[in-house]
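Undergrad: the sequence and its predicted three-dimensional model are supplied below.
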Amino acid sequence: MHDQFGTLSVEELFELIDIVKSIYGFDFSDYSKASLKRRVIRIMQMQKLNFYDLKHLLINDTAFFQKFLEEVTVNVTEMFRDPSFYKVLNNQVIPYLASYQHNKIWCAGCSSGEEVYSLMILLNEAGLRKKSFIYGTDINTNMLNEARKGIYSLRKIKSYAENYQLAGLSGSIIDHFTVLYEAATIHNELKQNTLFSVHNLVSDGVFNEFQLISCRNVFIYFEIKLQEHILELFYNSLAPLGFLCLGTKETIRSDYFRKKFKAVNLKENIYQKIGT
Amino acid sequence: MALNPDIIQRWQNCKLLLLGGSAGSFKPIFNAVQTFSSNFNKVVLIVIHRKKNYLSDVENLFAHNSRILIREVNDKDCINNSTVYIAPPNYHTLIEKEMCFGLDVSEDVWYSKPSIDVSFESAAEVYKGHCTAVLFSGANQDGAQGLLKLRNAGSLTIAQNPAEAEMPEMPLAAININAAEYILDTKDILQLFKT
């Protein structure tokens, strides 16, 4: 079977997970397997590798591992993905944030930064930019570099125009960018109060106290056990009455955490920390 | 081609029914769902290409006109029998070994998210030969590779007769790579679901 690229048994997948964990310290053992397996097979097909080639490269080639890490995790993101979420955030959460002296926001699993800048545009429109600070974290250093630059292809930014409009914001998304030929750079003032750094939700801990944590479409890659480990981390990272935003299709299932987070909007999966 | 005892027996023994389609598939899939009674004792997953951001009310439309439980897939939903699941827009829907659904926002496949290929391939891995899969009308070739994987795993694979499909390209793509074991008119497909 192994002369064919892109076949991988469950046992082989677990073998790769063990290698990555013991050599590089990244633990994928509680990631959702169907998606993870599909990502690994995709790498094998793109690079024309069979299982043994892949194993060999992972063990012996650190530079290859960085590439592997980037491809195995999903870095597809949009500005203002799920416009209805941003609308609800604007109506139901921003008024709370406006009442605080300072807002610290954590965007966990920020990839190339689109969500961080979407949030910053929202805060800017509400007049809260100067008293807000957004931390964007991810496990991919290359993605974080992209996020820091805040430069996107004009074609991509134009494709978010509809999201922006549906989110109910005034003007056009392009108003927030400086366009030079095919590159659109986010305005400098929107970059000012942001910081991008490496943080692994699986293994790293609390690093600050936040008024809002946004972690959207990240839980879908984790099994429920790992989701709950991270919910505990988020709970401990939130200020009293702090907000937690999950993806539209991600929910808090366990009774234990339902008692710790009150639903602010169940359709958009926005929650608020109860207790201290 | 008409129904024969082989198709009927394999349909009756299957655990998961997969219905995939794009442009022109809503009506036949909608009619298919109407044939199920509340104790039809199978899992159904519908993957239709849908535009993101617009609640097309597909679920509501299905739910109002049907006697069975219909829901849009949420992350890690357990797969329950006698339930119709619909793949949500702007996500790929996968099936986990633990018999729950998984979602994924990775790259479009054939310009589509949800992709029929992704769901069908994932179903083939977990359910092996225990599926019936039907590929309906559509204007691209998403679903053909997935249907082939299902056929190779021993599942019953059917393409809507391209001659009567509003957009023949999708079922044709499956027929061209020999992924469809049977080619049936919609009326025969509906007849099969009633047996």
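TA: Yep, it's here. Owing to the predicted nature of the structure, the values given are computational and were not obtained by experimental measurement. Numbering: from 1, shown residues only, chains lettered A, B, ... in the order given.

Undergrad: checking A:Val20 next. Helix, strand or coil?
TA: At A:Val20 the chain is in helix, as set by DSSP: H, G, I helix; E, B strand; the rest coil.

Undergrad: where's it relative to B:Lys15, distance?
TA: Using Cβ to Cβ, to the nearest Å, we find A:Val20 at a distance of 34 Å from B:Lys15. Placement of C-beta: from N, CA and C, glycine included.

Undergrad: neighbour count winner among these two?
TA: Higher neighbour count among A:Val20 and B:Lys15: A:Val20, with 20 against 14, using other Cβ atoms under 10 Å in any protein chain shown.

Undergrad: centroid-nearest residue for the chain?
TA: Going with chain A. For chain A, A:Gly109 is the residue whose C-alpha lies nearest the centre (Cα atoms, centre = their mean; 2.5 Å).

Undergrad: does that residue touch A:Thr137 like I think?
TA: Yes: using Cβ atoms under 8 Å, A:Gly109 and A:Thr137 qualify as a contacting pair, with a distance of 7.3 Å.

Undergrad: distance of A:Glu189 relative to A:Lys130?
TA: 9 Å.

Undergrad: touching, B:Cys14 and B:Ser155? I think so.
TA: Yes: between B:Cys14 and B:Ser155 there is a contact at 7.3 Å, judged by Cβ under 8 Å.

Undergrad: quick one, which of those two is more surrounded?
TA: B:Ser155 (24 against 19).

Undergrad: number of nearby residues for the closest residue to that one other than its chain neighbours?
TA: Nearest non-adjacent residue to B:Ser155, counting by Cβ to Cβ, 6 or more residues apart in numbering or on different chains: B:Cys131, 3.9 Å away. Burial measure for B:Cys131: 26 neighbouring residues, criterion other Cβ under 10 Å.

Undergrad: dump the residue contacts of B:Cys131.
TA: B:14-18, B:123-124, B:150, B:153, B:155-156 (Cβ atoms under 8 Å, 6 or more residues apart in numbering or on different chains).

Undergrad: distance to B:Gln191 added to those residues, as CSV?
TA: Below are the contacts of B:Cys131 laid out as CSV (distance: Cβ to Cβ, whole Å):
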residue, distance to B:Gln191
B:Cys14, 16
B:Lys15, 21
B:Leu16, 20
B:Leu17, 15
B:Leu18, 18
B:Ala123, 23
B:Ala124, 25
B:Leu150, 21
B:Ala153, 25
B:Ser155, 20
B:Leu156, 15
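
Undergrad: closest one of those residues to chain A?
TA: Ranked by distance to chain A (Cβ to the nearest Cβ), these are led by B:Ala123 at 10.2 Å.

Undergrad: please identify the helix or strand for the closest residue to chain B within chain A.
TA: Nearest residue of chain A to chain B (Cβ to the nearest Cβ) works out as A:Ala34 at 4.0 Å. Assigned by DSSP states H and E, A:Ala34 belongs to helix A:33-46.

Undergrad: show the subsequent helix or strand relative to that helix.
TA: Remark: after helix A:33-46, the chain's next helix or strand is helix A:51-60, criterion DSSP H and E.

Undergrad: tell me the angle that following helix makes with helix A:33-46.
TA: Angle of helix A:51-60 versus helix A:33-46, following axes from the mean of the first three to the mean of the last three Cα atoms, to 10 degrees, is 100 degrees.

Undergrad: just the CA trace of helix A:51-60, in PDB.
TA: Included here for helix A:51-60 are C-alpha records, laid out as PDB according to Å, rounded to 0.1, in the frame of the first residue of the first chain:
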ATOM      1  CA  PHE A  51       4.300   7.100   5.300                       C
ATOM      2  CA  TYR A  52       8.000   6.200   5.700                       C
ATOM      3  CA  ASP A  53       9.300   9.300   3.900                       C
ATOM      4  CA  LEU A  54       7.100  11.400   6.100                       C
ATOM      5  CA  LYS A  55       8.300   9.700   9.200                       C
ATOM      6  CA  HIS A  56      11.900  10.000   8.200                       C
ATOM      7  CA  LEU A  57      11.600  13.800   7.400                       C
ATOM      8  CA  LEU A  58       9.800  14.400  10.700                       C
ATOM      9  CA  ILE A  59      12.500  12.700  12.700                       C
ATOM     10  CA  ASN A  60      15.500  14.200  10.900                       C
END
